[in-house]
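Student: Could you look at this predicted model? Sequence included:
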Amino acid sequence: MVDQEQDNENPKPDTENSKLDTGNRKLIASRGVPSSESIYLPPHYSEELRSFQDASENPTRNLWSVEEVANFVFSKKYQSTYHDVAVGFMKLLAEKTSLDGADLSRFVSENSISKATFYNRVLPRLRRVGMIKIERDTIIAAESKRKFRPMRISLSKTFGNYLMKIGDSWLAIVDDARSRKKQTQL
């Protein structure tokens, strides 16, 4: 009888929904970070990366190209098709700074890209990581009173700001730890 009570108090995860009932909260069993919510960070000493710091850990002044930055979102090594599509799209967007639905359609057809790949994989991830901004305007046609919501895509600084915040925070943590260590040694 005790075993049955323990089973009722600590239910096993439902394999179909993989959720545990813990009172008011629902927990999802961890299976790692979903690929749609992750970025690719190769080892800092990898040959995939051009040098970004000197021997004293000071940043170098060289900048990475669109291909190199896109590699963090769509790894050329593991997602070469997505990487190539994203790089082509980002180059076009950098050239024009803003694209509408007709421009997107032209890009997809001229480059023989699968619509599913572009609209379901590449575009949503570029938006999620903050490399692009998607805005929609609501237009109501006077004669038919139908609503149209044309899409406008532009470059966004959010990706850079996000990573700079992480980087600056880490540098502050390291500097603080090193300065505390120096003070205790005095």
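Tutor: Everything's here; your move. Everything numeric here is computed off the predicted structure, so don't read it as measured data.
Student: Please, which helix or strand holds Glu57?
Tutor: Assigned by DSSP states H and E, Glu57 falls within no helix or strand.
Student: which regions of the protein lie under the pLDDT threshold?
Tutor: Within the chain, the stretches with pLDDT under 70 are 1-24, 28-29, 186.
Student: And the strands in it?
Tutor: Taking DSSP state E as the test, the strands found in the chain are 19-22, 25-28, 98-100, 132-136, 139-140, 147-148, 151-155.
Student: Need the contact partners of the fifth one.
Tutor: It refers to strand 139-140. 146-150 (C-beta atoms under 8 Å, 6 or more residues apart in numbering). To be clear about C-beta, it is placed using only N, CA and C from the backbone, and glycine gets the same treatment.
Student: cool, and the third one?
Tutor: Strand 98-100 has contacts (C-beta under 8 Å, 6+ apart) with 92-93, 107, 150-154.
Student: Can you flag the buried ones in the residues you listed?
Tutor: Listed as buried from the contacts of strand 98-100 are 92-93, 107, 153; burial here means 16 or more other C-beta atoms under 10 Å.
Student: sorry, back to before: could the strands of the chain go into CSV alongside distance to Asn161?
Tutor: What follows is the strands of the chain, written out as CSV (distance: least, C-beta to C-beta, whole Å):
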stretch, distance to Asn161
strand 19-22, 34
strand 25-28, 29
strand 98-100, 20
strand 132-136, 12
strand 139-140, 31
strand 147-148, 32
strand 151-155, 13
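Student: so how many other residues sit close to the residue nearest to Phe159 when sequence neighbours are not counted?
Tutor: Closest residue to Phe159 apart from its sequence neighbours, by C-beta to C-beta, 6 or more residues apart in numbering: Gly130 at 4.0 Å. Residues within reach of Gly130, counting by other C-beta atoms under 10 Å, total 15.
Student: what do you get for the one 10 residues further on?
Tutor: Here the neighbour count serves as a burial measure; for Ile140 (other C-beta under 10 Å) it reads 9.
Student: for Glu110, same thing?
Tutor: Around Glu110 there are 10 residues (other C-beta under 10 Å).
Student: do the same with Val73
Tutor: Other residues near Val73 number 21, with proximity taken as other C-beta under 10 Å.
Student: same question, the one 5 residues further on
Tutor: The local packing count at Tyr78 equals 10, with neighbours defined by other C-beta under 10 Å.
Student: go on, Leu155?
Tutor: Leu155 has 17 neighbours, counted by other C-beta under 10 Å.
Student: my guess is it meets Thr97, correct?
Tutor: Yes. Using C-beta atoms under 8 Å, Leu155 makes contact with Thr97 at a distance of 6.4 Å.
Student: any chance of the contacts of strand 98-100 in a markdown table, plus distance to Asp137?
Tutor: Shown next, in a markdown table, are these (distance: C-beta to C-beta, whole Å):
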| residue | distance to Asp137 |
| --- | --- |
| Leu92 | 21 |
| Leu93 | 18 |
| Phe107 | 20 |
| Pro150 | 6 |
| Met151 | 9 |
| Arg152 | 7 |
| Ile153 | 12 |
| Ser154 | 13 |
